[in-house]
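J.: I would like to see how this sequence folds:
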Amino acid sequence: MINKFKYVILSNKSLILEYYSGAFYGDELIELKKKVSRDKDYNSNYNVIHDFRDAEFLFGVDKIITYIRQIFDDSKMFGNRKSTMITSSPNQVVASSWFEMNKQDLPISIKICSTFECAFSFVGLKTEDWVYVESFFNNLRKAP
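T.: Numbering: from 1, shown residues only. Below is the predicted model of the structure:
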């Protein structure tokens with residue numbers, strides 16, 4: 001499977017949606033997060049929903065710690081936000097849990113979910129916006 005990473009920034013909802021499919025090494029993920037942070041619409045205080053359900057992670061906790069250091073070192077990435085990871089496999093849960101356990105003093109609240117409903121509730125999305133936001137994830141998933 002070819003790696004695929006797509007994202008959209010919904011400024012009107014103060015929300016970043018990220019979709020991952022394929023197998024990712026830690027350095028790849030760090031570079032992808034840097035790419036998002038350079039987007040002209042990026043705001044480090046926007047909440048983030050990561051859809052990891054179609055991804056496999058090929059790294060250990062050491063790369064999570066490297067990523068956390070990157071956030072501390074890059075003022076553009078450092079912000080007060082909620083971040084939720086939608087998972088469907090033990091591999092995804094473990095990688096997400098490593099981030100949650102090692103985030104130290106980052107002002108990021110973390111929740112690992114298995115459904116959109118859980119993720120949407122955690123970031124405070126109004127129920128009337130759920131279909132709207134889920135449609136963006138469907139478009140990200142289908143995009144080439």
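
J.: if I pick residue 66, what's in contact with it?
T.: By C-beta atoms under 8 Å, 6 or more residues apart in numbering, the contact list for residue 66 reads 26, 30. (Each C-beta comes from the backbone N, C-alpha and C, glycine too.)

J.: Pull the distance from the helix or strand containing it to the chain's centre.
T.: Assigned by DSSP states H and E, residue 66 belongs to helix 61-73. Distance of helix 61-73 from its chain centroid, counting by C-alpha atoms, centre = their mean, to the nearest Å, is 14 Å.

J.: tell me which residues of it are tucked away?
T.: Residues of helix 61-73 classed as buried by neighbour count (16 or more other C-beta atoms under 10 Å): 63-65, 67-68, 71.

J.: export those to TSV and tack on distance to residue 111 and pLDDT?
T.: Below are those laid out as TSV (distance: C-beta to C-beta, whole Å; pLDDT from 0 to 100):
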residue	distance to residue 111	pLDDT
63	21	92
64	17	91
65	20	92
67	18	88
68	17	88
71	18	87
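
J.: List just the nearest of the residues you listed to residue 129.
T.: residue 71 (27.3 Å; C-beta to C-beta).
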